[in-house]
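Asker: sequence first, then the predicted structure:
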Amino acid sequence: MKFAILAIFFLQACINAELIISKAERSIDLGSQLVKVSTVLNVFNKGSSVNEISVAVEEDQNQYLAFIEASTKKDEDTKLELSSSKSSNGFLYTFKLESSLAKDASVFLVVEMVFSHTLEPFPAKITQSEKQQVVFKGNTYIFSPYLVKEQKTTVKLPSSTIESYSRLKPSSSNDKVISYGPYKEAKPFKKHEMRIHYENNSPFVVVNEMTRWVEVSHWGNIAVEETYHMTHEGAKLKNHFSRYDYQRQPTFAAVKSFKTVLPASARDVYYRDEIGNISTSNLLNQDDSVEVELRPRFPLFGGWQTRYYLGYNLPAYQYLFNKGSNFALKMRIVDHVFDDFVVDDLVLKVVLPEGSTNIKFVAPFEVEEGALENHKTYLDTTGRPVVVIKKKNLVENHIQDFELRYNFSKTQLLHEPLLCVIAYYILFVSVIIFVRLDFSITKDAAKESRMKVASLIDDLLGACERRSTLYATFDDSLDKFKQSRDGGAFATVTKKLRTDYANLTQNITDLCAAIVKEDAESGEKLNELKKKETERKAVLDQLVTLAEKVVGGKMGRPQYLESEQSAMGKRGKLSEDIDLLLAAL
């Protein structure tokens, strides 16, 4: 333990000896519930070549540090690699330079930090029409592990109403800006309390718990649902709430609505709570985003809270990429909840398709990865893997993309359709078997007789339909005979047709006898059917005889046409009667 402490002091001594900050400019933005600190450091190396620069944060402030990043002024788009460690004076955040800083050389370092939960409402309770005031406590000097030759701090406020602020010469106040410095030759880790008491009516809404559920489907859709538990952590409401005063007098610290920004391709957006759908919302489609203005069921005063969930769908092709069976999902860890938001606890759950393997989560910043869970839903057998990611203290700067890589065989897409096919096949087969089973204890002779008669009548109708078709064939043969006058061919065709007719008639007679045996009441209709069919057959034979006479020259054409028309009319009337009898059966 003693060796570790000595090593820390030795390391600190080395850092102070090698690097100095020749000039530092710090800007502190207190315009919202967040404290945003931007510092530009001109770091000069008077010792041997180094490739790392450290930034210090006070121990009591480190717990509120939500975000930190750094870049060189020459290339602000490229963020430097970060590592952290604890020292005797606080926490050190070390940034690795892209290239070593040589002796007697300097580099401009831009450091961005965001703190949450550092502003304290004072007074702690206000009435619903009072303005909110808060207190900020910080360090007048830039807390640095290096000697700072010259430094200046500018504090930006949301209002010109300043109750009080700590003074350290030189310092001044002008409207919404307080300036400290310049200060010369500040030793490493130098402190002086900065205390500012000012008016801040910005929403102090904090997302205490947020669960982001992302369900990936390879059928082309990504479903997102976010569950929120929010609390207004500003000055608490004194006394009771008055709806009358709320409508009559202006309120400054209450949150009436806020704007959530979703991806541009978001569709089917819904906004609900435990009661049901919340209709007080507006949706605006922009070119690069979808803005949703959410209005809770009641205004949020200090100490009040609300719970709701927001859901939408996204097209998979914009976020899911693959090469063969290797897939990568690229999405934001968190969306823009509202301006200057704070999320205390985020749980991100990504549900992958069933059968996904070799899952790897790549985060843009440090997160806690939980154990892999299993989610079962429709048509699943083994269940879908769920990747669980946890992160505390998130702000707008954490709106960055994660990458989730996994393997998935495309043949797995047939899994659910095949399950549907098999399920329907089993269902239909079961129904077919069920309706054919007889569960009665005793046989119902009357029911069996009715079923048998129904089956016989179906066969009878089919046979009668085939016999009617033969009449059409007879008509075609007669027309060809009258045109070709080939008696031999006509005799051959009619012989075959008469044979088919005789067979069908015998079949129909047998069916009629079977029906009469089971249902005697049908006998009268069947006898009438037989009588009508005999008459229709006689008319057909008459038409054949007339055709043979007119072809053989034994009858004139006018007489034939008149006789044919009369016979056809009679046959048509008989056919209608036969159809009516069959319909009655």
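Answerer: Nice, thanks for sending it over. Numbering: from 1, shown residues only.
Asker: could you pull out the helices for the stretch 201-350 of the chain?
Answerer: Assigned by DSSP state H, counting those that start in this stretch, the stretch 201-350 of the chain shows helices spanning 243-248.
Asker: strands of that one, start to end?
Answerer: Using DSSP state E, counting those that start in this stretch, the strands of the stretch 201-350 of the chain run over residues 205-217, 221-232, 236-237, 258-263, 267-272, 281-285, 289-294, 305-315, 320-323, 326-332, 343-351.
Asker: what about the last one, distance to the chain center?
Answerer: Centroid separation for strand 343-351 versus its chain: 16 Å, with CA atoms, centre = their mean, to the nearest Å.
Asker: and the shortest one, by the same measure?
Answerer: Distance, stretch centre to chain centre, for strand 236-237: 38 Å (CA atoms, centre = their mean).
Asker: quick one: the helices in the stretch 351-500 of the chain?
Answerer: 415-436, 445-484, 487-518.
Asker: quick one: which of the strands of the stretch 201-350 of the chain is nearest E98?
Answerer: E98 lies closest to strand 326-332 among the strands of the stretch 201-350 of the chain, at 25.2 Å (CB to CB). C-beta here means a position set from N, CA and C on the backbone, and glycine is covered the same way.
Asker: measure how the closest one sits relative to strand 221-232, angle-wise.
Answerer: Taking axes from the mean of the first three to the mean of the last three CA atoms, to 10 degrees, one finds strand 326-332 and strand 221-232 inclined to each other by 30 degrees.
Asker: which other helices and strands contact strand 326-332?
Answerer: In this structure, strand 326-332 packs against strand 320-323, strand 401-407, with contacts taken as 3 or more CB pairs under 8 Å, 6 or more residues apart in numbering; DSSP states H and E.
Asker: those: which one's closest to S575?
Answerer: strand 320-323 (67.0 Å).
Asker: quick check: mean pLDDT of that closest one?
Answerer: Averaged across strand 320-323, pLDDT comes to 92.
Asker: with stretch 421-441 instead?
Answerer: On average, stretch 421-441 scores 87.
Asker: for the remainder of this discussion, apply numbering that starts at 220.
Answerer: Let's use 220 as the start, then, which means that last one is stretch 640-660.
Asker: dump that stretch to PDB, restricted to CA.
Answerer: The C-alpha coordinates for stretch 640-660 follow below in PDB (Å, rounded to 0.1, in the frame of the first residue of the first chain):
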ATOM      1  CA  VAL A 640     -47.600 -25.100 -42.400                       C
ATOM      2  CA  ILE A 641     -47.100 -28.100 -40.100                       C
ATOM      3  CA  ALA A 642     -49.600 -26.600 -37.500                       C
ATOM      4  CA  TYR A 643     -52.300 -26.100 -40.200                       C
ATOM      5  CA  TYR A 644     -51.600 -29.500 -41.700                       C
ATOM      6  CA  ILE A 645     -52.100 -31.200 -38.300                       C
ATOM      7  CA  LEU A 646     -55.200 -29.100 -37.700                       C
ATOM      8  CA  PHE A 647     -56.800 -30.100 -41.000                       C
ATOM      9  CA  VAL A 648     -55.900 -33.800 -40.600                       C
ATOM     10  CA  SER A 649     -57.300 -33.800 -37.100                       C
ATOM     11  CA  VAL A 650     -60.600 -32.200 -38.300                       C
ATOM     12  CA  ILE A 651     -60.800 -34.700 -41.100                       C
ATOM     13  CA  ILE A 652     -60.300 -37.600 -38.700                       C
ATOM     14  CA  PHE A 653     -62.700 -36.100 -36.100                       C
ATOM     15  CA  VAL A 654     -65.600 -35.700 -38.400                       C
ATOM     16  CA  ARG A 655     -65.300 -39.300 -39.600                       C
ATOM     17  CA  LEU A 656     -65.300 -40.800 -36.100                       C
ATOM     18  CA  ASP A 657     -68.600 -42.100 -34.700                       C
ATOM     19  CA  PHE A 658     -68.800 -41.300 -31.000                       C
ATOM     20  CA  SER A 659     -72.400 -42.500 -30.500                       C
ATOM     21  CA  ILE A 660     -73.100 -45.300 -28.100                       C
END
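Asker: residues contacting the residue most central in space within the chain?
Answerer: Within the chain, the residue whose C-alpha comes closest to the C-alpha centroid is A442; the distance, by CA atoms, centre = their mean, is 1.2 Å. Residues near A442 by CB atoms under 8 Å, 6 or more residues apart in numbering: 432-434, 436, 530, 532-533.
Asker: rewinding a little: ok, which of the strands of the stretch 420-569 of the chain comes nearest Q280?
Answerer: strand 562-570 (17.2 Å).
Asker: which helices and strands does the closest one pack with?
Answerer: strand 424-436, strand 603-613.
Asker: out of these, nearest to T688?
Answerer: Shortest separation from T688 across the helices and strands packed on strand 562-570 is recorded for strand 424-436, at 54.5 Å, computed as CB to CB.
Asker: tell me the strands beside the closest one, with direction?
Answerer: With DSSP bridges as the test, strand 424-436 is paired with strand 440-451 (antiparallel), strand 562-570 (parallel).
Asker: may I see the ones you listed arranged in JSON lines, with distance to G495 and mean pLDDT as well?
Answerer: Output for the strands paired with strand 424-436, formatted as JSON lines (distance: least, CB to CB, whole Å; pLDDT from 0 to 100):
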{"stretch": "strand 440-451", "distance to G495": "15", "mean pLDDT": "95"}
{"stretch": "strand 562-570", "distance to G495": "24", "mean pLDDT": "96"}
